[in-house]
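A.B. asks: fold the following for me, if possible:
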Amino acid sequence: MITCYPVTGVGEVKEGDDLARVLASAADLHDGDVLVVTSKIVSKAEGRVVRGDKAAALTTESERVVARRGPTTIVRTHHGLVMAAAGIDASNTEPGTLVLLPRDPDSSARALREAIAADGGPNVGVLVSDTSGRAWRNGQTDIAIGAAGVAVLDDHAGRRDGYGNLLAVTAPAVADEATAAADLVTGKLSRLPAAVLRGLDRLVLPRGSHGPGAASLVRPEAQDMFGLGSREAVQHALARDDSHGFGQPAPAAELLEVFGRVVPEGRAALEGGDDAVALSLPSSIELGERRLGALEERARAVAFSLGWESPHATAAVDDGPVLRFVPIAP
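C.D. replies: The predicted model follows:
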C-alpha cells in the first residue's frame with residue numbers, strides 16, 4: 001500500500017535556511033520513504049528569489065524559445081526543461097519578487113538526501129517538484145525536476161505482459177508519478193511545500209547511491225519530435241538559420257516521400273546510396289523564373305525541416321535544375 005501525507009509546520013523559508021533540518025524536523029521520515037519537495041522552497045533557501053522585470057528574467061533563464069502565443073512563452077530552460085515562462089513564479093512569494101528554478105535541481109536533491117541521512121538519519125529518496133503543462137492536454141501537473149536516491153524511470157523493456165506479449169517501449173516515469181501524487185495532498189494554495197510517500201521502497205536506492213537524477217528524464221533534442229511550436233517550426237524551416245527542435249535527420253526514404261507530396265513538379269531519387277538525394281525540377285522555360293525560384297525555396301525549406309540541406313549551388317542541366325541534398329551534420 002502506498003500512502004501520501006503533507007509535511008506541515010514548515011513555515012516561511014528564506015535564503016540560507018537549513019532546509020534539510022527544517023524538513024527532517026517537520027516530517028516523520030523512515031527508511032524507504034520518498035520526500036517530495038517543491039522547487040519553490042528549494043529556490044528560496046538557495047537564494048533564487050529576485051526582484052525585477054519578468055521578461056528580463058525569462059531571457060536569462062531560457063536557452064531558446066519553443067513557442068510563443070500572445071502573453072504565453074514556452075521555452076527550453078538551461079536544464080533542458082520545456083516549460084511556460086522558464087518556470088519563473090510570482091505566486092506564494094513577496095509581491096514584486098520572482099522565484100527562479102534551482103540552478104541544479106538534481107544537486108539540490110542530493111544535498112537534501114545526504115543531509116537527512118547524516119548521523120544515522122533515514123535513507124530516503126528525494127524529489128524536487130515543479131508544475132508543468134503538457135502538450136495535447138489542458139491543465140498542469142507536477143513533475144520531478146530534481147531527484148536523488150530514487151529510480152526515476154521503471155523501464156519495462158524485455159518484460160512480458162499477462163498475455164505473454166514482449167514489451168519494448170513501456171517505461172513509466174515513476175518520479176513524475178510520485179510528484180503528481182504528492183501535489184494531490186499539498187495543493188497550490190495551502191502553502192504546504194513538501195509531502196512524504198510511503199510504500200515506494202522498491203524505488204529508493206541504497207545509501208550512497210543517488211541514481212541518474214531527474215535530468216535523465218529530459219528527452220535529448222535530437223529525439224524530440226515536438227521541439228518547436230507549429231508556427232515556429234514553419235518559421236525556422238523557411239529561415240533555415242537554426243536546426244534546434246527538428247531532431248535528427250529523417251531517413252532518405254521519408255525525404256523522397258515528402259518531396260512527392262510537397263514538390264510534385266519535381267522528380268526525387270536516391271543518389272549514391274541512402275545519404276544523398278537528388279531533386280530534378282522542370283526548366284525555367286516550362287515554369288518561368290519566378291515560379292521555379294519559389295519551387296526551389298519550398299524544396300530547401302521542407303528538406304531543412306527533415307534535417308537535410310543542399311550545401312552546394314543548384315546544378316544547371318538541359319532538362320532543368322537539379323538540387324542535391326545531404327543530411328545536416330550534427
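A.B. asks: check which helix or strand covers residue 98.
C.D. replies: Assigned by DSSP states H and E, residue 98 belongs to strand 97-99.
A.B. asks: mind listing what's buried in that strand?
C.D. replies: 98-99 (16 or more other C-beta atoms under 10 Å). For every residue, glycine as well, the C-beta is placed using N, CA and C.
A.B. asks: other residues contacting whatever helix or strand comes next after that strand?
C.D. replies: The helix or strand immediately downstream of strand 97-99 is helix 105-117, counting by DSSP H and E. Contact with helix 105-117 is made by 18-21, 23-24, 29, 35, 37, 39, 42, 46, 79, 102, 122-128, 145-149, 207, 210, 213-215, as judged by C-beta atoms under 8 Å, 6 or more residues apart in numbering.
A.B. asks: switch the cut-off to 6 Å
C.D. replies: Contacts with helix 105-117, where a contact means C-beta atoms under 6 Å, 6 or more residues apart in numbering, come from 20, 24, 42, 102, 123-124, 126, 128, 145-149, 210, 213-215.
A.B. asks: state the next helix or strand along the chain beyond that helix.
C.D. replies: Assigned by DSSP H and E, the successor of helix 105-117 is strand 125-134.
A.B. asks: packing partners for the strand holding residue 98?
C.D. replies: Applying 3 or more C-beta pairs under 6 Å, 6 or more residues apart in numbering; DSSP states H and E, we find strand 97-99 packed against strand 49-51.
A.B. asks: sheet-wise, list the partners of the strand it packs on with their directions.
C.D. replies: As defined by DSSP bridges, the strand partners of strand 49-51 come to strand 97-99 (antiparallel).
A.B. asks: quick one: the strand it pairs with to chain centroid distance?
C.D. replies: Offset of strand 97-99 from its chain centre (C-alpha atoms, centre = their mean, to the nearest Å): 23 Å.
A.B. asks: likewise stretch 232-251?
C.D. replies: Averaged over its C-alpha atoms, stretch 232-251 has a centre that lies 17 Å from its chain's centre (C-alpha atoms, centre = their mean).
A.B. asks: so where do the strands sit in the chain?
C.D. replies: For the chain, the strands defined by DSSP state E occupy 3-6, 34-38, 49-51, 62-69, 72-77, 82-84, 97-99, 125-134, 137-148, 194-198, 267-270, 277-280, 308-309, 322-327.
A.B. asks: which stretch among the ones you listed comes nearest residue 183?
C.D. replies: strand 137-148 (4.1 Å; C-beta to C-beta).
A.B. asks: tell me the mean pLDDT over that closest one?
C.D. replies: Strand 137-148 comes out with an average pLDDT of 96.
A.B. asks: how about stretch 290-306?
C.D. replies: The model assigns stretch 290-306 a mean pLDDT of 91.
A.B. asks: for that stretch, which positions count as buried?
C.D. replies: Residues of stretch 290-306 classed as buried under the neighbour-count rule (16+ other C-beta under 10 Å) are 292, 295-296, 298-306.
A.B. asks: same question, stretch 195-206
C.D. replies: Using 16+ other C-beta under 10 Å as the burial criterion, the residues of stretch 195-206 that qualify are 195-198, 200, 203-204.
A.B. asks: relative to the whole chain's centre, how far out is that stretch?
C.D. replies: So, by C-alpha atoms, centre = their mean, the centroid of stretch 195-206 is 25 Å from its chain's centroid.
A.B. asks: now the terminal residues of that stretch, how far apart.
C.D. replies: End-to-end distance for stretch 195-206, by C-alpha to C-alpha, to the nearest Å: 21 Å.
A.B. asks: in JSON lines: the buried residues of stretch 195-206, plus pLDDT.
C.D. replies: Below are the buried residues of stretch 195-206 laid out as JSON lines (pLDDT from 0 to 100):
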{"residue": "195", "pLDDT": "97"}
{"residue": "196", "pLDDT": "98"}
{"residue": "197", "pLDDT": "98"}
{"residue": "198", "pLDDT": "97"}
{"residue": "200", "pLDDT": "97"}
{"residue": "203", "pLDDT": "96"}
{"residue": "204", "pLDDT": "97"}
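A.B. asks: need these in TSV (columns: distance to residue 182).
C.D. replies: Output for these, formatted as TSV (distance: C-beta to C-beta, whole Å):
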residue	distance to residue 182
195	4
196	8
197	6
198	12
200	11
203	13
204	15
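A.B. asks: which one of the residues you listed is nearest residue 168?
C.D. replies: Proximity of the buried residues of stretch 195-206 to residue 168 (C-beta to C-beta) peaks at residue 203, which lies at 22.2 Å.
A.B. asks: isn't that closest one right next to residue 153, touching?
C.D. replies: No: using C-beta atoms under 6 Å, residue 203 makes no contact with residue 153, being 10.1 Å away.
A.B. asks: deepest of the strands of the chain, which one?
C.D. replies: With neighbours taken as mean count of other C-beta atoms under 10 Å, the strands of the chain reach their highest mean count in strand 34-38, at a mean of 28.
A.B. asks: quick one, that one and strand 194-198 angle?
C.D. replies: 160 degrees (axes from the mean of the first three to the mean of the last three C-alpha atoms, to 10 degrees).
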